[in-house]
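Undergrad: Sequence first, predicted coordinates after that:
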Amino acid sequence: MSLYPNKIQVDGVPCGLILRGSANGTYLAVFERDMAELARIEQIPAVVGESPLPAGYGFQVRDIRYAHATRSYTVLLQTAEQYLGDVAGFQAQLGELEETLQEKQALLQEQESMIAALEQAGSAAQLRSELEDAYQKGVELCG
C-alpha cells in the first residue's frame, strides 16, 4: 500500500512526492522503497509525467537518505543543465538581426562620412550666414 499518489515518474520509477529544496535549484524527491530500486534512483537523468520540477532541465542526485519509519528514500536533486530544445528558429532570427545590424552600421558609416565632408566644406552655420549675406546683397541690388 502506497502512502503517496505516485503520479510522477522519474526515469520510469514511481515518485511519491517532490518538494522544493531550501537552496536555489534543489528539489527533494521521495521514493517509496517498495516501488523503487536504489540503483535506479541513483541514476536519475530526467523527469517524465506531471511534476513540479522545471521542464527542460537535467538533474543530478546530490544526496539520498533512507527513512525507516516511512520506508522511503528522500533524494536531493540539483539542476544540472537546461535543455533548450530546437533552437533553429531562433538561429534564423539571430541571422536576420545580424544582417540588419550590418546594414545599419553601413548606413551609419555613410552618414558619418557625409557629416565629415560637410564639416570640411564648412559648418552649416557658416553656410547659412553666407546664404543670408548673399540674399541681403541681392535684395539691396534689386532694390
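TA: That came in fine, so what should we check first?
Undergrad: Tell me how many other residues crowd residue 53.
TA: With neighbours defined by other CB atoms under 10 Å, the count for residue 53 comes to 18. Yep, even glycine has a C-beta here, placed from its N, CA and C like the rest.
Undergrad: likewise residue 10?
TA: The number of residues packed near residue 10 is 24, by other CB under 10 Å.
Undergrad: Residue 36 too?
TA: Residue 36, neighbours per other CB under 10 Å, totals 23.
Undergrad: Pretty sure it sits in a strand.
TA: No. Assessed with DSSP: H, G, I helix; E, B strand; the rest coil, residue 36 is coil; it does not lie in a strand.
Undergrad: wait, it sits on residue 13?
TA: Yes. With contacts counted by CB atoms under 8 Å, residue 36 reaches residue 13, the gap being 4.7 Å.
Undergrad: Show me where this protein has its strands.
TA: With DSSP state E as the criterion, the chain has strands at 8-10, 13-15, 17-20, 26-32, 47-48, 57-67, 72-82.
Undergrad: Save these as CSV, and put in mean pLDDT and distance to residue 133 too.
TA: Listed next are the strands of the chain as CSV, based on pLDDT from 0 to 100; distance: least, CB to CB, whole Å:
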stretch, mean pLDDT, distance to residue 133
strand 8-10, 76, 86
strand 13-15, 81, 88
strand 17-20, 84, 78
strand 26-32, 88, 78
strand 47-48, 54, 81
strand 57-67, 85, 74
strand 72-82, 83, 69
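Undergrad: Identify whichever of those lies nearest to residue 103.
TA: strand 72-82 (33.0 Å; CB to CB).
Undergrad: And the closest one, how far out from the chain middle?
TA: 22 Å (CA atoms, centre = their mean, to the nearest Å).
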